[in-house]
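Undergrad: coords below, sequence missing:
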């Protein structure tokens, strides 16, 4: 299932309301969460950023979106949002087990892009994996695979 890049959801179907909830395209949620992982330690390394941007470029082309605009919106959302629980709900409601594993694998690869896994990055990935109902053994296997690339 594919949503628009940003789907505007108006509370109570009130199109005049100034309050909007933004829903990311399911194909891009992994990029949003990988960005959160990359900045978990307070600094986004160039290699981590390059990995995220490459994924954004690939997904954007598939969705006929401007990759620069997608990245800008991810940055803005990250800076303005305190929670990613809405993403977790979208993932749990719409992702297959395989898609969840693929997304977590991408987060591990992003975290290891600079060849250093920081405690905050690992903690966030494992927290997300737990929230999307992945077993620890699966998560650790993906971690090991990403580390050995």
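TA: Structure received. As the structure is a computational prediction, the values presented were derived from the model and not from experiment. Numbering: from 1, shown residues only.

Undergrad: And for residue 51, the neighbour number?
TA: When neighbours are counted by other C-beta atoms under 10 Å, residue 51 registers 21. For the C-beta atoms, the positions are set from N, CA and C on the backbone; glycine is no exception.

Undergrad: and it, backbone torsions?
TA: phi -60, psi -40 (degrees, to the nearest 10).

Undergrad: In space, what's closest to residue 45 - neighbours in sequence excluded?
TA: Of all residues not flanking residue 45 in the chain, residue 114 sits nearest, at 3.8 Å (C-beta to C-beta, 6 or more residues apart in numbering).

Undergrad: Same check on residue 142?
TA: residue 105 is the one closest to residue 142 (C-beta to C-beta, 6+ apart), at 4.7 Å.

Undergrad: Okay, helices next: where are they in the protein?
TA: 26-38, 46-63, 67-80, 85-94, 97-111, 119-131, 136-147 (DSSP state H).

Undergrad: Highest mean neighbour count across the ones you listed, which stretch is it?
TA: helix 26-38 (a mean of 23; mean count of other C-beta atoms under 10 Å).

Undergrad: Packing partners of that helix?
TA: helix 46-63, helix 67-80, helix 85-94, helix 97-111, helix 119-131 (3 or more C-beta pairs under 8 Å, 6 or more residues apart in numbering; DSSP states H and E).

Undergrad: Output those as TSV; include the columns distance to residue 27.
TA: Output for the helices and strands packed on helix 26-38, formatted as TSV (distance: least, C-beta to C-beta, whole Å):
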stretch	distance to residue 27
helix 46-63	5
helix 67-80	10
helix 85-94	11
helix 97-111	10
helix 119-131	17
